[in-house]
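Q: Prediction below, plus the sequence it came from.
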Amino acid sequence: MSSSAGKLRPSSSELDLDQPNIEDYLPSGSSIQEPHGKLRLRDLLDISPTLTEAAGAIVDDSFTRCFKSNPPEPWDWNVYLFPLWCCGVAFRYLIVFPVRVMILTIGWMIFLTGVILVQLILKGQDQLRKKTERFLVELLCCFFVASWTGVVKYHGPRPSRRPKQVFVANHTSMIDFIILEQMTPFAVIMQKHTGWVGLLQSTILESVGCIWFNRSETKDREIVAKKLREHIQGAENNPLLIFPEGTCVNNQYSVMFKKGAFELGCTVCPIAIKYNKIFVDAFWNSRKQSFTMHLLQLMTSWAVVCDVWYLEPQNLKPGETPIEFAERVRDIISVRAGLKKVPWDGYLKYSRPSPKHRERKQQSFAESVLRRLEEK
């Protein structure tokens, strides 16, 4: 049985910063039905329309299910199994975990030493320096996967460098990038972070051509769109990787794909990623857990088991819009990875109904009661 990491407050530097307005996505106006006739006590107390609306939201909450971690079923439920579970916990935390920390420490030492030497020795030789830094990034990703005892099976041809192509994949955790990067030096488009992740982004990952953005900055969208178009034109640039869902989903559902990757006028290569939850749930709930704690959870599990499929490249069909193209590619990825499609924008998981929307609902209910009283 995999024991989860302790519940700590997530670091604000490692959480997504997008805060869209959910008001536009919620039903507007009054949904409360007003019965006709004289006012009776039971009519005044009848709130069944409001309860029906609330119950419907709870029962059919397909949105919240996309971002919930499903804890494993406990198997230490009797006197025979509990000692075995205790032995497993002791083995993972006292033996396996220290070994994994040592492996990751060695990887970081090799990586940082290599980067420093490359910066000193290959100064002025940009091509060779970037090639060496790409190798070091791949090597570090291999050490990360080894620190989880990662069992990753890749299906399909390995991605190659070609102009006018972009790779898109479903998104479960930031480790998706690490798992894909150890096989191919992708250039990824990613939310800009602070802390040690941000330091890695601004100093090392620049060498593989990664593109950073901040969702809170409107101007960043135009800048990123321009960088994307420039990147896909270069034959020597690393393959561009985009996670069009825009947020981490629990690997059971697939939310709407953003259309940005599908209106570049290039070939789109789908990648399907599916995690086996038998040992650990690889979903990163960034609202409840920092990325550091997420890595700790993976390193104290038995193993991370994953399948990656490189699927057939797709092109925009005649008369097809970028939104329809995105949905078609989402269908392909969802079928291959066994994901359930839901018609939700993933950015809404960081939202709350605005005070204005709540006031409209309250006002609607109050007016309904007042009208009934006036009829009396």
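A: Great, that's in hand.
Q: Hmm, residue 187 is touching residue 234, no?
A: No - Residue 187 is not in contact with residue 234 according to CB atoms under 8 Å; the separation is 10.0 Å. Every C-beta, even on glycine, is put in place using the N, C-alpha and C of the backbone.
Q: The two - which one has more neighbours?
A: Neighbour totals were compared for residue 187 and residue 234, and residue 187 leads with 24 against 14 (other CB atoms under 10 Å).
Q: residues contacting that one?
A: Contacts for residue 187 (CB atoms under 8 Å, 6 or more residues apart in numbering) come out as 208-211, 231, 237-241.
Q: for the chain, what's the longest helix?
A: helix 97-121 (DSSP state H).
Q: packing partners for that helix?
A: In terms of contacts (3 or more CB pairs under 8 Å, 6 or more residues apart in numbering; DSSP states H and E), helix 97-121 is packed against helix 126-147, helix 291-299.
Q: Of those helices, which stretch is the most buried?
A: Stretch with highest mean neighbour count among the helices and strands packed on helix 97-121: helix 291-299 (a mean of 21; mean count of other CB atoms under 10 Å).
Q: After that helix, which helix or strand is next? Please name it.
A: Remark: after helix 291-299, the chain's next helix or strand is strand 304-310, criterion DSSP states H and E.
Q: And the following helix or strand past that following strand, what's buried?
A: Per DSSP H and E, the first helix or strand lying C-terminal to strand 304-310 is helix 322-337. For helix 322-337, burial by neighbour count (16 or more other CB atoms under 10 Å) applies to 322, 325-330, 332-334, 336-337.
Q: Residue 271: which of those is nearest?
A: Lowest distance from residue 271 to these (CB to CB) belongs to residue 333, with 7.5 Å.
Q: all strands of the stretch 151-300 of the chain, in order?
A: Applying DSSP state E, counting those that start in this stretch to the stretch 151-300 of the chain gives strands spanning 165-169, 187-191, 211-213, 240-242, 253-254, 267-276.
Q: So for this protein, the centremost residue is which one?
A: Central residue of the chain (CA atoms, centre = their mean): residue 248, 1.7 Å from the mean position.
Q: Would you mind listing where the stretch 1-150 of the chain has pLDDT under the threshold?
A: Along the stretch 1-150 of the chain, segments meeting pLDDT under 70 span 1-62, 72, 74-76.
Q: Kindly recompute the last result at 90.
A: Across the stretch 1-150 of the chain, the ranges flagged by pLDDT under 90 are 1-86, 88, 112, 115-116, 118-134, 137.
Q: Please point out which parts of stretch 90-99 sit buried.
A: If you call a residue buried by 16+ other CB under 10 Å, then stretch 90-99 has these buried ones: 92, 96-97.
Q: Let me see the contact set for the closest residue to residue 186 other than its chain neighbours.
A: Distances taken as CB to CB, 6 or more residues apart in numbering place residue 241 nearest to residue 186, at 3.9 Å, with adjacent residues excluded. Counting by CB under 8 Å, 6+ apart, residue 241 touches 166-169, 177, 180, 186-189, 271.
Q: Considering the residues you listed, which is situated nearest to residue 144?
A: When the contacts of residue 241 are compared against residue 144 (criterion: CB to CB), the nearest one is residue 177, at 10.2 Å.
Q: ok, and residue 124, which helix or strand is that part of?
A: Using DSSP H and E, no helix or strand contains residue 124.
Q: Tell me how many other residues crowd it.
A: Residues near residue 124, counting by other CB under 10 Å: 6.
Q: So what's the residue count around residue 170?
A: Residue 170, neighbours per other CB under 10 Å, totals 26.
Q: What residues does it make contact with?
A: Residue 170 sits next to 243, 245, 249, 251, 254, 271-273, 333-334, 337, 339 when contact means CB under 8 Å, 6+ apart.
Q: Scan these and report the most crowded one.
A: Neighbour max across the contacts of residue 170 (other CB under 10 Å) = residue 243, 27 neighbours.
Q: Run a quick neighbour tally on the nearest residue to that one once chain neighbours are set aside.
A: Excluding the flanking residues, the one nearest residue 243 by CB to CB, 6+ apart is residue 171, at 3.8 Å. Neighbour count of residue 171, defined by other CB under 10 Å: 22.
Q: got the contact list for the residue nearest to residue 104 when sequence neighbours are not counted?
A: Nearest non-adjacent residue to residue 104, counting by CB to CB, 6+ apart: residue 147, 4.2 Å away. By CB under 8 Å, 6+ apart, the contact list for residue 147 reads 100-101, 103-104, 107, 298-299.
Q: before we move on, the earlier item: let's have the strands of the stretch 151-300 of the chain in JSON lines, adding distance to residue 158.
A: Formatted as JSON lines, these follow (distance: least, CB to CB, whole Å):
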{"stretch": "strand 165-169", "distance to residue 158": "12"}
{"stretch": "strand 187-191", "distance to residue 158": "16"}
{"stretch": "strand 211-213", "distance to residue 158": "22"}
{"stretch": "strand 240-242", "distance to residue 158": "14"}
{"stretch": "strand 253-254", "distance to residue 158": "24"}
{"stretch": "strand 267-276", "distance to residue 158": "11"}
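Q: Please identify the deepest-packed of the ones you listed.
A: Mean neighbour count, computed with mean count of other CB under 10 Å, is highest for strand 240-242 among the strands of the stretch 151-300 of the chain, reaching a mean of 25.
Q: related to what we said a few turns ago, ok, and the most crowded of the contacts of residue 147?
A: residue 298 (26 neighbours).
Q: hang on, that one packs against residue 178?
A: No - counting by CB under 8 Å, residue 298 does not reach residue 178; the two are 10.3 Å apart.
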